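Trainee: give me a 3D structure for the following:
(2 chains)
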Amino acid sequence: MQGGGFFLEASTARTAESVNLYLPIAEMSVNIFLLLGLGAGVGMLSGIFGVGGGFLMTPLLIFMGIPPAVAVGTEANQIIASSVSGVLAHWRRGNVDFKMGSILLVGGIVGSTFGVFLFQHLRALGHIDLVIMLSYVIFLGTIGILMLFESVRAMRRRRRPGSSRKLHQHNFLHGLPFKMRFRRSKLYISALLPLLIGFVVGILSAIMGVGGGFVMVPAMIYLLGMPTAVVVGTSLYQIIFVTANATFLQATLNQTVDIVLAMLLLVGAVIGAQVGAQIGSKLRGEQLRGLLALMVLSVCGKILFDLVSAPNDLYFLLSRNGGH
Amino acid sequence: MPRRAHSIRRLAVALTVLTVFLATGPGRAQPVIADVSEHFIGITADFTGTNILFFGSAGGPGKLVVVISGPAQDISVGNKIQRAGIWMNSERVTFKNAPSFYRVLSSEPLDEWLPLDVREANQIGVEYLNLQPTEDIGRAITADYRAALIRNMQAKNHYGKAEGQLKILGGRLFRTDVFLPSNVPTGDYSIKTYLIRDGRVVDTEMTPLNINKTGIGAKIYQVAHQHSALYGIAAIVIAVLAGLGGNAVFRKS
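Mentor: Just a heads-up that it's a prediction; the model follows:
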């Protein structure tokens, strides 16, 4: 017989590591410091570039083993916090165009509500996975390449003084009715344009589970012709409301918002966003856009790689809560 | 700490009862007796998986097999195919009432002595689980999906890769530690102990075990599911306050 050690082992086996926390909705244990760091890193990017960071964070959380549905729902919740923190920093510098943001927002709310129904329809057809991945590849790829080329061109132009460019090009878009003056953005354009952009980005954010900043920022710069300085703050402003809408819908329809996970992420994120906003204000517009383009392209590359490379196992388990 | 002390005390009582029982009836055929150190495993915020101690007495000569099953669940298995260079989801097959958690423990390697009919009848070993697809897909395809289900559940550590070792002490007493990983499914478990003599099951004993969230985590889960609108609004308020708070802190510095 083994004597005294016979029954004692059971109690010593339960050595709880204090750096781990059990997530009640995701139903798994995670390392606290890893999530704090992840939040800080992505929050910093969000402060620099005015993107919510969802397009980075959501894939990272899924990679960590968080169920995809929970990752998407929780990420929306966390983006609210970093966007609120970021928008205040930009507001103090007068870099938020509330009029433009509100019009984008109206389109965004209508678009995201439409997007939720589209999402459910695609899920019923069984191809939501592929649609999400392909939309990531198409949008990240197109936007990344366009931005990269544009910013490189802008950097070259800066080195050759004398050649100046027009504030923005005139095209058919400027012939649309309902023209409005946007003082902060120094624009006089049709309200239909931001309304439409908000709508399209709203659809995307519902389907891809992101705030949509990485689509919104380039759209504001290239389609609306807004100055880069105002774009970031205005984008964050409207992301707050779009993600609040998404959080509410995810919580009520799918119960996939993990408050504990969101809190861990947002502690790092709000700090990161502040640091990011300071770094961002020191960078020049074209550098900012070039860096964002590189980041967008690398995420795109990773997703494309996953789509074309043979999976380890051709079979997989589908999660209980019907996530994608 | 007090909880741990409590469970040790309970264990000591169980052990005493067991010893008295064994001492009073020497030589007579006794039923299998089995118990676990804790009948309720509470998943708290610091839960990183836990060991439970499973112990008992074989009651008579023979070999022992223990099967631990988690709550039954419908599990769907998807399949990926390559179309135009891209891997996409194709079919999906659902297995009704598959155990969400499954472990086999035995005193000696099962393949060497346990007759196949006993294994099949009692679903001892992952290969012998009674997994039936809801879709009518034929035997060969069913086998592929079954194997995939088992392989993926083993990868998640929800099904055991090999049977665990059951230590027999003094020919009768057995004890073993069973590790429950941090992602262990919640619900009612059954631990079934089989006493097998000459290739026949001569006695079985069922021990219940309940694993569930407890404390603040359980409250959060409950609110999220029962008052989801309130939960959603709370999540938004917390996020907004966190954003405002973070900003206020930074503004001062």
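Trainee: domains in chain B, by residue range?
Mentor: As given by automatic domain parsing, the domain ranges for chain B are B:28-211, B:215-253.
Trainee: can I get the ones you listed in a markdown table with mean neighbour count and distance to chain A?
Mentor: In this view, the C-beta of every residue, glycine as well, is placed from N, C-alpha and C. A markdown table is the format used below for those (neighbours: other CB atoms under 10 Å in any protein chain shown; distance: least, CB to the nearest CB, whole Å):
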| stretch | mean neighbour count | distance to chain A |
| --- | --- | --- |
| domain B:28-211 | 17 | 3 |
| domain B:215-253 | 17 | 3 |
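Trainee: in CSV: those domains, plus mean pLDDT.
Mentor: Shown next, in CSV, are the domains of chain B (pLDDT from 0 to 100):
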stretch, mean pLDDT
domain B:28-211, 89
domain B:215-253, 89
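Trainee: distance to A:Arg157 added to those, as JSON lines?
Mentor: What follows is the domains of chain B, written out as JSON lines (distance: least, CB to CB, whole Å):
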{"stretch": "domain B:28-211", "distance to A:Arg157": "38"}
{"stretch": "domain B:215-253", "distance to A:Arg157": "35"}
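Trainee: out of those domains, which gets nearest to A:Leu192?
Mentor: domain B:215-253 (29.8 Å; CB to CB).
Trainee: burial check on the residue in the stretch 1-150 of chain A positioned nearest to chain B, number of neighbours?
Mentor: Of all residues in the stretch 1-150 of chain A, the one sitting closest to chain B is A:Val84 (2.7 Å; CB to the nearest CB). For A:Val84, the count of nearby residues is 26 (other CB atoms under 10 Å in any protein chain shown).
Trainee: what is the one helix or strand it maps to packed up against?
Mentor: Per DSSP states H and E: A:Val84 is located in helix A:68-92. Helix A:68-92 sits against helix A:32-49, helix A:54-64, helix A:228-253, helix A:259-282, helix B:228-252, with contacts defined as 3 or more CB pairs under 8 Å, 6 or more residues apart in numbering or on different chains; DSSP states H and E.
Trainee: what sits up against the helix or strand just after the fourth one?
Mentor: Next along the chain after helix A:259-282, taking DSSP H and E as the criterion, comes helix A:285-308. Residues from elsewhere that reach helix A:285-308 (CB atoms under 8 Å, 6 or more residues apart in numbering or on different chains): A:45, A:48-49, A:51, A:55-56, A:59, A:133-134, A:136-137, A:140-141, A:143-148, A:150-152, A:154-155, A:158, A:214, A:217-218, A:221, A:228-229, A:280, A:283, B:85-87.
Trainee: narrow those to those in helices?
Mentor: Judged by DSSP state H, the contacts of helix A:285-308 include A:45, A:48-49, A:55-56, A:59, A:133-134, A:136-137, A:140-141, A:143-148, A:150-152, A:154-155, A:158, A:214, A:217-218, A:228-229, A:280 as members of helices.
Trainee: filter those to the buried ones?
Mentor: Neighbour counting by 16 or more other CB atoms under 10 Å in any protein chain shown classes A:45, A:48-49, A:55-56, A:59, A:133-134, A:136-137, A:140-141, A:143-144, A:147-148, A:150-151, A:154, A:214, A:217-218, A:228-229, A:280 among the ones in helices among the contacts of helix A:285-308 as buried.
Trainee: how many neighbouring residues does the residue lying closest to A:Val137 once chain neighbours are set aside have?
Mentor: Nearest non-adjacent residue to A:Val137, counting by CB to CB, 6 or more residues apart in numbering or on different chains: A:Leu304, 5.1 Å away. Neighbourhood size, A:Leu304 [other CB under 10 Å]: 17.
Trainee: ditto for the one 4 residues further on
Mentor: Applying other CB under 10 Å, we find 11 other residues in the vicinity of A:Val308.
Trainee: for the nearest residue to B:Ser37 once chain neighbours are set aside, helix, strand, or coil?
Mentor: In this structure, B:Ser37 finds its nearest non-sequential neighbour in B:Leu53, 3.9 Å apart by CB to CB, 6+ apart. Secondary structure, DSSP: H, G, I helix; E, B strand; the rest coil: B:Leu53 is strand.
Trainee: quick check, B:Leu53 in contact with B:Asp35.
Mentor: No. Here B:Leu53 lies out of contact with B:Asp35, judged by CB atoms under 8 Å, at a distance of 9.1 Å.
Trainee: spell out which residues of the stretch 151-300 of chain A are next to chain B.
Mentor: Proximity of the stretch 151-300 of chain A to chain B is confined to A:240, A:244, A:247-252, A:255, A:257, A:259-260, A:262-263, A:266-267, A:270-271, A:273-274 under the rule CB under 8 Å from any CB of the partner chain.
Trainee: which parts of stretch A:112-130 are buried?
Mentor: Those would be A:Ser112, A:Gly115, A:Val116, A:Leu118, A:Phe119, A:Leu122, A:Ile128, A:Asp129, A:Leu130, for stretch A:112-130 by 16+ other CB under 10 Å.
Trainee: adding distance to A:Leu204 and secondary structure, write the residues you listed out as CSV.
Mentor: Formatted as CSV, those follow (distance: CB to CB, whole Å; DSSP: H, G, I helix; E, B strand; the rest coil):
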residue, distance to A:Leu204, secondary structure
A:Ser112, 9, helix
A:Gly115, 7, helix
A:Val116, 12, helix
A:Leu118, 10, helix
A:Phe119, 11, helix
A:Leu122, 13, helix
A:Ile128, 14, helix
A:Asp129, 16, helix
A:Leu130, 16, helix
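Trainee: how about TSV for those residues, with pLDDT added?
Mentor: Shown next, in TSV, are the buried residues of stretch A:112-130 (pLDDT from 0 to 100):
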residue	pLDDT
A:Ser112	81
A:Gly115	83
A:Val116	75
A:Leu118	83
A:Phe119	75
A:Leu122	77
A:Ile128	72
A:Asp129	71
A:Leu130	78
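Trainee: in chain A, what secondary structure element scores lowest on mean pLDDT?
Mentor: helix A:5-13 (a mean of 36; mean pLDDT, DSSP states H and E).
Trainee: buried stuff in the helix or strand just after that helix?
Mentor: As assigned by DSSP H and E, the chain's next helix or strand after helix A:5-13 is strand A:20-23. Within strand A:20-23, the residues scored as buried using 16+ other CB under 10 Å are A:Asn20, A:Leu21, A:Tyr22, A:Leu23.
Trainee: name the helices or strands packed onto strand A:20-23?
Mentor: strand A:28-31, helix A:259-282.
Trainee: please identify the deepest-packed of the ones you listed.
Mentor: helix A:259-282 (a mean of 24; mean count of other CB atoms under 10 Å in any protein chain shown).
Trainee: name the helices or strands packed onto it?
Mentor: For helix A:259-282, the contact count by 3+ CB pairs under 8 Å, 6+ apart identifies strand A:20-23, helix A:32-49, helix A:68-92, helix B:216-226, helix B:228-252 as packing neighbours.
Trainee: got those as JSON lines, with distance to A:Leu196 columns?
Mentor: Shown next, in JSON lines, are those (distance: least, CB to CB, whole Å):
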{"stretch": "strand A:20-23", "distance to A:Leu196": "39"}
{"stretch": "helix A:32-49", "distance to A:Leu196": "23"}
{"stretch": "helix A:68-92", "distance to A:Leu196": "22"}
{"stretch": "helix B:216-226", "distance to A:Leu196": "36"}
{"stretch": "helix B:228-252", "distance to A:Leu196": "27"}
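Trainee: of those, which is nearest B:Ala162?
Mentor: Judging those by CB to CB, what sits closest to B:Ala162 is strand A:20-23, at 26.9 Å.
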